[in-house]
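*Asks:* Have a look at this prediction, sequence included:
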Amino acid sequence: MADLFGSIETNATPPERADAPLADRLRPRTLADVVGQEHLTGPDGAIGRMVAAGRLSSILFWGPPGTGKTTISRLLADAVGMRFEPISAVFSGVADLKKVFAAARDHARIGQKTLLFVDEIHRFNRAQQDSFLPFVEDGTVTLVGATTENPSFELNAALLSRAQVLILRRLDAVALEQLLARAEALIGLPLPLTRQAREALIASADGDGRFLLNQAETLYSVAITEPLDPAALSALLHRRVAVYDKDREGHYNLISALHKSLRGSDPQAALYYLARMLTAGEQPLYVLRRLVRFASEDIGLADPQALVQCLAAKDAYDFLGSPEGELAIVQACLYCATAPKSNASYAAQKAAFRTARDTGSLMPPQNILNAPTKLMKDIGYGAGYAYDHDAPEGFSGANYWPDDLAPQIFYTPTDRGFEQRIAERMAWWDARRGSDEAE
């Protein structure tokens, strides 16, 4: 899918098609016209430096839709005098690639270098990605790939090692406002919106310039006599669906943001990311599983009720379904965000498991072994076991560790929440255990 963005001057050469979409008519003519990506296209940016040197390396553009990947690639080829050859991984196969490479070699013989632009490059399988390598290495093509997905996950390591990854930013409000102003200059009419509605239109674009211009074009195509307010604008335009792939990086980014907001005890941010996921179509049970995990990993015994709340929210959602059951998920989220935090249980698990793997063959002390047979009793199983309920204060202070393993400390409760009381209990037991050993 092609994208942008920037503008043309009003005295620029008219487009060939007067009926072309507004976004295409506003396609920039030079890299200087591109908005929102100055960190790349400016004099100190990677693209600016390449153009100044007149020499390109292979590039992978990574960024959300509507931020300029296709347009920048085309302008980059123009800026350094290269032949621009675009293909899409959605519509192209091995036969198409062979034709592209053959044509690139023919042009190379007459001194014409080829910039091969591959849109949605992550959609090529691993074997297809490998097919680029020899032609990139021998200089037949300079590869410029575009992807909305994290290259670390979607592209071969060999391909990544031969290309520079450049990150395109989602367009901010300033850049999107520039696009609207340029659209108004091209059309010769202001958008029929109040100031608040204009701000709402920009916010609805979620950083996607093409989407914004398509919405602006819709407004221009409708007879509107009075400027629309936000409510009227919302009624006229279709609601934008959140960009969210449940099996891709967006999914992992948001669940990471939710988890870390909970850990940082920010209930407002946690609720925001929870809402982002649920309104974008995430499975509520997936979110609930993560909340249950969080209750054990990051709260633990600092507030034992956190795990109860999360499991109760799961039961409530199972019982009510959507949308009523989502309120229980919100309740669990807010409980976890505002609960005292401790990873002492999590740290204890990792330490205990590590020691168990290292010492897994050690026999427990005989005094705490069961002796269901006479033979086992005769060889000392259970001999000398101190029954704690019969001991003073219900505590015997006996040793429960294998003879060849010194007592270990895995769990160290914090001084937060309920763990403060647990720490007091453990200190009380340790004091008596120490006095028993001294005697």
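*Replies:* Yep, that arrived.

*Asks:* ok, which stretches of the stretch 151-300 of the chain are strands?
*Replies:* 164-167 (DSSP state E, counting those that start in this stretch).

*Asks:* need the strands for the stretch 1-150 of the chain, in chain order.
*Replies:* Along the stretch 1-150 of the chain, counting by DSSP E, counting those that start in this stretch, strands occupy 59-62, 83-88, 114-119, 141-147.

*Asks:* right, so of those, which gets closest to Arg433?
*Replies:* Distance to Arg433, taken as Cβ to Cβ, is lowest for strand 59-62 among the strands of the stretch 1-150 of the chain, at 57.7 Å. Using the backbone N, CA and C atoms, a C-beta is placed for each residue, glycine as well.

*Asks:* would you turn the strands of the stretch 1-150 of the chain into TSV with mean pLDDT and mean neighbour count?
*Replies:* Formatted as TSV, those follow (pLDDT from 0 to 100; neighbours: other Cβ atoms under 10 Å):
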stretch	mean pLDDT	mean neighbour count
strand 59-62	92	26
strand 83-88	91	17
strand 114-119	93	25
strand 141-147	91	25
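
*Asks:* possible to save the ones you listed as JSON lines with distance to Arg416?
*Replies:* Shown next, in JSON lines, are those (distance: least, Cβ to Cβ, whole Å):
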{"stretch": "strand 59-62", "distance to Arg416": "40"}
{"stretch": "strand 83-88", "distance to Arg416": "54"}
{"stretch": "strand 114-119", "distance to Arg416": "51"}
{"stretch": "strand 141-147", "distance to Arg416": "43"}
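
*Asks:* Quick check: which of those is nearest to Glu419?
*Replies:* Closest approach to Glu419 among the strands of the stretch 1-150 of the chain (Cβ to Cβ): strand 59-62, 42.8 Å.

*Asks:* what's near enough to touch the nearest residue to Thr412 once chain neighbours are set aside?
*Replies:* Take Thr412 and drop its neighbours on the chain: the residue closest to it by Cβ to Cβ, 6 or more residues apart in numbering is Ala344, 5.9 Å away. When contacts are counted by Cβ atoms under 8 Å, 6 or more residues apart in numbering, Ala344 touches Gly300, Leu301, Ala302, Tyr411, Thr412, Pro413, Thr414, Glu419.

*Asks:* And the pLDDT at Ala344?
*Replies:* Note on Ala344: pLDDT of 94.

*Asks:* where's it relative to Tyr335, distance?
*Replies:* 19 Å (Cβ to Cβ, to the nearest Å).

*Asks:* With Leu369 instead?
*Replies:* Distance, Leu369 to Tyr335, by Cβ to Cβ: 42 Å.

*Asks:* More neighbours: these two, which one.
*Replies:* Ranked by neighbour count (other Cβ atoms under 10 Å), Leu369 and Tyr335 place Tyr335 first, with 22 against 14.

*Asks:* ok, the most centrally placed residue in the chain to Gln268 distance?
*Replies:* In the chain, the C-alpha nearest the mean C-alpha coordinate belongs to Asn253, at 1.8 Å (Cα atoms, centre = their mean). Distance, Asn253 to Gln268, using Cβ to Cβ: 19 Å.

*Asks:* Domain map for the chain?
*Replies:* For the chain, automatic domain parsing gives the domain ranges 37-167, 173-236, 249-338, 357-438.

*Asks:* Could you pick out the longest helix of this structure?
*Replies:* Using DSSP state H, we find that the single longest helix of the chain is helix 419-438.

*Asks:* can you give me the offset of that helix from its chain's centre?
*Replies:* 44 Å (Cα atoms, centre = their mean, to the nearest Å).

*Asks:* List the buried residues in it.
*Replies:* Glu419, Ile422, Ala423, Arg432, Arg433 (16 or more other Cβ atoms under 10 Å).

*Asks:* next one: stretch 278-288
*Replies:* Leu278, Ala280, Glu282, Pro284, Val287, Leu288.

*Asks:* Out of these, list just those in helices.
*Replies:* Leu278, Pro284, Val287, Leu288.

*Asks:* residue ranges with poor pLDDT in this structure?
*Replies:* Where the chain drops to pLDDT under 70, the residues are 1-18, 238-250, 434-439.

*Asks:* at 50 instead, please
*Replies:* Residues of the chain meeting the criterion pLDDT under 50: 1-16, 241, 438-439.

*Asks:* Residues contacting the longest helix of the chain, please?
*Replies:* Gly300, Leu301, Ala302, Pro340, Ser342, Ala344, Glu393, Phe395, Gly397, Pro413, Thr414, Asp415.

*Asks:* Mind checking which of those land in helices?
*Replies:* Using DSSP H, the contacts of helix 419-438 in helices are Ala344.

*Asks:* A ChimeraX selection for the contacts of helix 419-438, restricted to the buried ones, would help me check which they are.
*Replies:* Only the buried entries of these go into this ChimeraX selection, using 16+ other Cβ under 10 Å:
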select :300,301,302,340,342,344,397,413,414
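
*Asks:* out of the contacts of helix 419-438, which one sits closest to Ala183?
*Replies:* The shortest approach to Ala183 among the contacts of helix 419-438 belongs to Pro340, at 52.2 Å (Cβ to Cβ).

*Asks:* close enough to count as contact, that closest one and Leu301?
*Replies:* No: assessed by Cβ atoms under 8 Å, Pro340 is found out of contact with Leu301, at 9.9 Å.

*Asks:* Which neighbours do these two have in common?
*Replies:* Shared contacts of Pro340 and Leu301 (Cβ under 8 Å, 6+ apart): Gly417, Phe418, Glu419.

*Asks:* between those residues, which is closest to Asp24?
*Replies:* Closest to Asp24 out of the shared contacts of Pro340 and Leu301 is Gly417 (58.9 Å), distances taken as Cβ to Cβ.

*Asks:* Who are the contact partners of the closest residue to the closest one other than its chain neighbours?
*Replies:* Counting by Cβ to Cβ, 6+ apart, Pro340 is the residue found nearest to Gly417 once chain neighbours are left out, at 3.2 Å. Applying Cβ under 8 Å, 6+ apart, we find Pro340 in contact with Ile299, Ala302, Asp303, Arg416, Gly417, Phe418, Glu419.

*Asks:* any idea which of these is closest to Glu217?
*Replies:* For the contacts of Pro340, the minimum distance to Glu217 (Cβ to Cβ) is 50.1 Å, reached by Ile299.
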